[in-house]
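Student: Below is the structure, and that's it, no one-letter string:
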């Protein structure tokens with residue numbers, strides 16, 4: 001295919017291409033860009049003509065990226081971010097005048113330990129800045145390198161996310177057990193026998209989304225009977241109170257757990273490996289001055305929490 005002069009290309013197609021590659025759906029891409037579906041379908045048709053490639057290929061009830069489109073994913077994100085920086089370069093970044101909205105993914109644990117503190121710092125220094133804190137899920141974690149192209153970052157410990165992404169270490173934390181206050185099998189500690197025989201409540205139980213303490217149970221030869229899976233730690237006490245179920249939460253959540261009637265925190269039957277909490281982002285944000293300012297807030301809060 002002959003290279004077309006840049007002057008003959010509609011650079012608005014770059015925005016459409018990025019949305020289509022990210023969402024892998026004309027409908028979702030149109031919603032994201034605030035366009036009608038016919039308008040984005042027309043853009044997809046023009047992209048197909050330009051690349052002489054289908055870009056999106058139907059597979060059953062869904063669309064998948066063509067081999068060429070898969071190769072374009074990172075290039076498109078980098079090109080779009082570079083274009084954004086070019087047109088923002090006429091003025092220096094001043095946080096106090098910024099009206100940017102940052103989108104951060106994470107668990108309820110990361111939001112109540114880190115997220116709210118970062119938002120509070122930003123409110124003091126940049127009152128126009130807004131945050132959108134979205135709960136991640138196993139699908140997000142399994143595809144984090146792709147999903148982070150359209151978000152500003154994710155708060156998650158080391159382990160589930162590929163370590164090829166840039167990250168900022170924040171603070172370490174331990175693990176505690178949760179049991180019903182009236183559970184006759186659990187005193188101030190869970191024994192190995194009770195851990196093996198009891199039902200459990202787990203979080204994020206998938207191949208890529210997991211907790212390090214939950215994985216340690218398996219490594220110690222304990223195959224827990226999982227009664228319920230919840231995608232959040234703060235909801236866990238509700239599933240444990242009045243039952244024989246057990247759960248695992250991070251040590252810093254102890255005050256939140258104890259606000260729930262009918263549960264208690266207990267010691268685990270093994271020395272749980274501490275978790276290293278971190279903030280992860282896509283390389284397209286590396287040189288973005290606004291994102292660098294955001295990362296400085298996370299660094300400040302992380303050092304504060306490490307000091308505690």
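Tutor: Yep, that arrived. Bear in mind the structure is a predicted one, so any value in this text is a computation, not a measurement. Numbering: from 1, shown residues only.
Student: contacts, neighbours, all on C-alpha from now
Tutor: Will do.
Student: For stretch 14-33, list every residue counted as buried.
Tutor: Within stretch 14-33, the residues scored as buried using 16 or more other Cα atoms under 10 Å are 14, 16-27, 29-30.
Student: got it, and stretch 105-120?
Tutor: Residues 105, 106, 107, 108, 109, 110, 111, 114, 115, 117, 118, 119 are the ones in stretch 105-120 that count as buried (16+ other Cα under 10 Å).
Student: Go through those residues and flag which are in helices.
Tutor: Among these, the members falling in helices (DSSP state H) are 108, 109, 110, 117, 118, 119.
Student: will you turn these into a markdown table that also has pLDDT and distance to residue 258?
Tutor: Shown next, in a markdown table, are these (pLDDT from 0 to 100; distance: Cα to Cα, whole Å):
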| residue | pLDDT | distance to residue 258 |
| --- | --- | --- |
| 108 | 96 | 16 |
| 109 | 96 | 15 |
| 110 | 97 | 18 |
| 117 | 98 | 21 |
| 118 | 98 | 25 |
| 119 | 97 | 25 |
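Student: gap between stretch 153-161 and the chain center?
Tutor: In terms of Cα atoms, centre = their mean, to the nearest Å, the centre of stretch 153-161 is set 7 Å apart from its chain centre.
Student: I would like the residues contacting it, please.
Tutor: Stretch 153-161 is contacted from outside by 103-107, 110, 141-142, 144, 148, 208-210, 212, 275-282, using Cα atoms under 8 Å, 6 or more residues apart in numbering.
Student: Buried members of those into PyMOL, please.
Tutor: Burial among those is assessed by 16+ other Cα under 10 Å; the matching PyMOL selection reads:
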select buried, resi 103+104+105+106+107+110+141+142+144+148+208+209+210+212+275+277+278+279+280+281+282
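Student: So which of the contacts of stretch 153-161 sit within helices?
Tutor: Filtering the contacts of stretch 153-161 for helices - DSSP H - leaves 110, 141, 142, 144, 212.
Student: A helix includes residue 266, no?
Tutor: No: with DSSP: H, G, I helix; E, B strand; the rest coil as the criterion, residue 266 is located in strand rather than a helix.
Student: and it, what are its bridge partners?
Tutor: Beta-bridge pairing of residue 266 under DSSP bridges involves residue 177.
Student: circling back to that earlier point, closest one to residue 51 out of the buried residues of stretch 14-33, please.
Tutor: Each of those was checked against residue 51 using Cα to Cα; the closest is residue 17, at 11.2 Å.
Student: How far off centre is the one helix or strand the closest one maps to?
Tutor: In the assignment (DSSP states H and E), residue 17 maps to helix 12-23. Relative to its chain's centre, helix 12-23 lies at 21 Å (Cα atoms, centre = their mean).
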